[in-house]
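S.K.: Here's my sequence, what's the structure:
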Amino acid sequence: MSVGNSGRIVIEVDTELKKMLYASLEKENLTLKEWFVRNATSYLRDTEQPSLFGPANLEEQKVAA
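M.R.: Presented below is the predicted three-dimensional model:
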């Protein structure tokens, strides 16, 4: 995977997934960029500083069990 110096991130996804994602984001009045930045920031925060109260989501709870 190449990583350039620009602020752009380019990924290729299935067209049906893309349509569903944009439809859901439109309902929440979010852009893809806003959604991505929010989730990327949350992911980085959670990986840098684990929660004191255990796993943050159900997938992590399944792994921890």
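S.K.: State which helix of the protein is the longest.
M.R.: helix 32-48 (DSSP state H).
S.K.: Can you point out the buried residues in that one?
M.R.: Residues of helix 32-48 include none that count as buried (16 or more other C-beta atoms under 10 Å). All C-beta spots, glycine's among them, are computed from the backbone N, C-alpha and C.
S.K.: now the protein, which segments are flagged as low pLDDT?
M.R.: Confidence mapping of the chain against pLDDT under 70 gives the ranges 1, 50-51, 54-65.
S.K.: contacts for the longest helix of the chain?
M.R.: I9, L21, Y22, L25, A56 (C-beta atoms under 8 Å, 6 or more residues apart in numbering).
S.K.: top of the residues you listed by neighbour count?
M.R.: Counting neighbours by other C-beta atoms under 10 Å, the top entry in these is L25, with 16 neighbours.
S.K.: any idea how far D46 lies from A40?
M.R.: Using C-beta to C-beta, to the nearest Å, D46 is found at 11 Å from A40.
S.K.: I am finished for the moment; much appreciated.
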